[in-house]
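Trainee: give me the fold of what follows.
(one chain, ligands or ions: 1)
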Amino acid sequence: MSLVSDCCGASDWNDSGICSYCKEHADFEDDEELDEVPLITSLEDIDYSLLDNLDFDFDTDDYPDFSDAFILSADYNGREMAYSELDILNEDAEFVDKKLREFLY
Ligand SMILES: [Zn+2]
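Mentor: Next up, the predicted model:
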């Protein structure tokens with residue numbers, strides 16, 4: 001667990017309750033609580049509008065039916081998706097197929 005000051009997001013200076021950046025008293029909060037977005041654990045968790053930078057693995061010999069295509073990497077809400085999340089996303093074959101076609105054409 002790491003604490004960050006509420007004024008600058010800097011660390012607690014020598015555990016003194018003083019912001020290490022501005023050297024003034026500050027309140028500290030756990031930055032993990034602030035920043036960490038819970039991992040996606042099911043398809044219902046996915047907000048498709050937050051997906052970006054999709055990259056695919058597919059076999060061009062399968063054209064036009066890319067049944068084996070899958071998403072290799074993607075960003076979600078500005079962070080890189082974990083492998084476990086990509087697995088879940090790839091369960092949505094219809095979405096993968098649709099996005100692959102947008103990606104190709
Ligand atoms: Zn400060």
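Trainee: what mean pLDDT does stretch 12-26 get?
Mentor: On average, the pLDDT along stretch 12-26 is 92.
Trainee: contacts for it next, please.
Mentor: Stretch 12-26 has contacts (CB atoms under 8 Å, 6 or more residues apart in numbering) with L3, S5, D6, C7, C8, A10, S11, F28. Using the backbone N, CA and C atoms, a C-beta is placed for each residue, glycine as well.
Trainee: how about the residues you listed in a markdown table, adding secondary structure and distance to D65?
Mentor: Output for these, formatted as a markdown table (DSSP: H, G, I helix; E, B strand; the rest coil; distance: CB to CB, whole Å):
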| residue | secondary structure | distance to D65 |
| --- | --- | --- |
| L3 | strand | 53 |
| S5 | strand | 55 |
| D6 | coil | 54 |
| C7 | coil | 57 |
| C8 | coil | 54 |
| A10 | coil | 54 |
| S11 | coil | 54 |
| F28 | strand | 55 |
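Trainee: what sits against the closest residue to A69 other than its chain neighbours?
Mentor: Residue nearest to A69 in three dimensions, not counting chain neighbours: F58, with 3.5 Å by CB to CB, 6 or more residues apart in numbering. Residues near F58 by CB under 8 Å, 6+ apart: F66, D68, A69, F70, L100.
Trainee: distance of F58 relative to L104?
Mentor: 9 Å (CB to CB, to the nearest Å).
Trainee: give me the common contacts of the two.
Mentor: By CB under 8 Å, 6+ apart, F58 and L104 have no common neighbours.
Trainee: secondary structure element for E29?
Mentor: strand 28-30 (DSSP states H and E).
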